[in-house]
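# coords below, sequence missing:
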């Protein structure tokens, strides 16, 4: 046991044909980059399909791939053995979003780069891909939505005053107002649905409270754009 520990921690110790310091550096770097990938995924995620376990797996995956690459370095027998193992294991988890697949591939590639000791490429790749994801997040690239919230409400009583009143409130909080649907419920009732581009999306609660406090307006519901699925 003492001989094993001495061989592991003595200067110049080798692991799988590589210096121990190099192996530890590879695994730690892949772990750090996995954290970056997980943070970026959580920060840029939209919608209701977020999974904490999937985010955690993005941290572990580069370390596992790095370990696999270190095992296969200059050893064809181990490489074919690992391929046989992965051929037997079946992964049946279905990713909910094509964006999740992108992050899985990113984690795998970063782990491979660390495993083959391409440290500079791993770091540069993490920075560049992270900037690309941040750009897509800020510009909402590819999205067809041009609104922040979906608003539904019912007008009752004096419809003339109610229509004018709620339109004034919408103009105060919105840069763009689009009437999505209008349905008359009774002679003194009107059901309306709007798509709004807010002046400040973070203050959507103020719009909701202002409408609920107005006379002639009831059953106010506000849905953020991220709550909807884009097909």
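Arrived safely. Because the structure is a prediction, the values reported are computed rather than measured.
# This structure - how does it break down into domains?
Partitioning the chain according to automatic domain parsing yields domains covering residues 2-139, 149-227.
# What segments of the chain are strands?
14-15, 18-19, 149-156, 174-186, 189-198, 217-224 (DSSP state E).
# for the ones you listed, which one ends up most surrounded?
Across the strands of the chain, averaging neighbours per residue (mean count of other CB atoms under 10 Å) puts strand 149-156 on top, at a mean of 20. Heads up, the C-betas are built off the backbone N, CA and C, glycines and all.
# ok, that one: who's next to it in the sheet?
Using DSSP bridges, the strands paired with strand 149-156 in its sheet are strand 189-198 (antiparallel), strand 217-224 (antiparallel).
# re earlier: in CSV, list the domains of the chain along with mean pLDDT.
Below are those laid out as CSV (pLDDT from 0 to 100):
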stretch, mean pLDDT
domain 2-139, 77
domain 149-227, 78
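# tell me what the lengthiest helix in the chain is packed against?
Using DSSP state H to define each element, the chain has its longest helix at helix 20-44. Where contact means 3 or more CB pairs under 8 Å, 6 or more residues apart in numbering; DSSP states H and E, helix 20-44 is packed against helix 52-72, helix 98-115, helix 119-139.
# Give me the angle between the second one and helix 52-72.
Okay, so that is helix 98-115. Going by axes from the mean of the first three to the mean of the last three CA atoms, to 10 degrees, helix 98-115 is angled at 30 degrees with respect to helix 52-72.
# Name the surrounding residues that touch helix 98-115.
Counting by CB atoms under 8 Å, 6 or more residues apart in numbering, helix 98-115 makes contact with 26-27, 29-30, 33-34, 37, 41, 54, 58, 61-70, 73, 95, 119, 121-122, 125-126, 129, all of which sit outside it.
# From residue 133, how far out is the spatially most central residue of the chain?
The centre of the chain sits closest to residue 45, judged by CA atoms, centre = their mean, with a distance of 2.4 Å. Residue 45 is 10 Å from residue 133, where distance means CB to CB, to the nearest Å.
# go on, residue 118?
Residue 118 sits 21 Å away from residue 133, going by CB to CB.
# okay, those two: which has more neighbours?
More neighbours sit around residue 133 than around the other of residue 118 and residue 133, counting by other CB atoms under 10 Å; the figures are 19 against 15.
# Isn't the more buried one up against residue 44?
Yes: when contacts are counted by CB atoms under 8 Å, residue 133 is listed as touching residue 44 (5.6 Å).
# Tell me how far stretch 59-79 lies from the chain's centre.
Relative to the centre of its chain, stretch 59-79 is centred 27 Å away, using CA atoms, centre = their mean, to the nearest Å.
# so who does the closest residue to residue 189 other than its chain neighbours touch?
Take residue 189 and drop its neighbours on the chain: the residue closest to it by CB to CB, 6 or more residues apart in numbering is residue 156, 5.4 Å away. Residues touching residue 156, when contacts are defined by CB under 8 Å, 6+ apart, comprise 162, 188, 189, 190, 216, 217, 218.
# if I look at residue 217, how far off is residue 64?
55 Å.
# Would you mind listing the buried residues in stretch 160-167?
Of the residues in stretch 160-167, those buried under the neighbour-count criterion (16 or more other CB atoms under 10 Å) are 162, 165, 166.
# Turn these into TSV, including distance to residue 209.
TSV is the format used below for these (distance: CB to CB, whole Å):
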residue	distance to residue 209
162	17
165	15
166	13
